[in-house]
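# Test case, fold it:
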Amino acid sequence: MMQKVLLDSNMISYFLRGEPSVITELAKYQGYFEQITFSILTYYEIVSGLKYRDSRKLLTIFEELASESEIIGFDQDTAKITSEIYCDLRQRGLLIPPIDIFIGATAIQHDLVLVTANTRHFQIMQNLKHTNWMNHS
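Next up, the predicted model:
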């Protein structure tokens with residue numbers, strides 16, 4: 001049985017660009033789960049990036065994908081986990097972009113495996129399960 005995942009922004013970008021390994025993994029995943037899941041912060045990153053590049057076609061495709069997806073909001077419980085991760089990383093001298101900490105905390109809060117190509121930022125978070133669909137064949 002496959003575990004439910006949270007897609008990081010880079011995985012959605014790879015999907016929108018037609019990256020074969022991500023499309024293959026997503027097709028396998030949809031054999032187990034009807035919807036893909038991502039954070040409201042990933043929604044923000046994708047929409048703002050596509051609007052900045054004035055990529056209307058991809059924005060339309062993404063909005064259609066988002067309307068059929070589970071988008072997890074940011075709540076107080078996730079904020080508490082985010083602050084714990086931030087303090088741990090800061091004490092260890094391992095600062096990364098705050099949005100990555102928010103996304104990692106969302107995966108931890110909802111017991112999801114984070115799917116990301118940015119393993120360098122996420123492998124330092126304790127209690128976070130992650131995988132990289134770009135490494136799959």
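
# show me where pLDDT drops low in this structure?
Residues of the chain meeting the criterion pLDDT under 70: 1, 136-137.

# Kindly recompute the last result at 80.
Within the chain, the stretches with pLDDT under 80 are 1, 135-137.

# for it, what's the longest helix?
For the chain, the helix with the greatest residue count under DSSP state H is helix 76-91.

# packing partners for that helix?
Applying 3 or more CB pairs under 8 Å, 6 or more residues apart in numbering; DSSP states H and E, one finds that helix 76-91 contacts helix 98-109. Yep, even glycine has a C-beta here, placed from its N, CA and C like the rest.

# could I get the helix it packs on in CSV with only the CA atoms?
What follows is helix 98-109 as a C-alpha-only set of coordinates in CSV (Å, rounded to 0.1, in the frame of the first residue of the first chain):
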residue,chain,number,x,y,z
PRO,A,98,11.0,29.7,5.8
ILE,A,99,8.5,28.5,3.2
ASP,A,100,10.3,25.1,3.1
ILE,A,101,10.0,24.8,6.9
PHE,A,102,6.2,25.6,6.6
ILE,A,103,5.8,22.9,3.9
GLY,A,104,7.8,20.3,5.9
ALA,A,105,5.8,21.1,9.0
THR,A,106,2.6,20.5,7.0
ALA,A,107,3.8,17.1,5.9
ILE,A,108,4.7,16.2,9.5
GLN,A,109,1.4,17.6,10.9
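
# Roughly how far does the residue located most distally from the centre of the chain sit from residue 124?
Distance from the C-alpha centroid of the chain peaks at residue 91, with 24.7 Å (CA atoms, centre = their mean). In this view, residue 91 and residue 124 are 12 Å apart by CB to CB, to the nearest Å.

# in this protein, which spans are helices?
Here the chain has its helices, by DSSP H, at 9-16, 20-29, 40-52, 56-67, 76-91, 98-109, 119-122.
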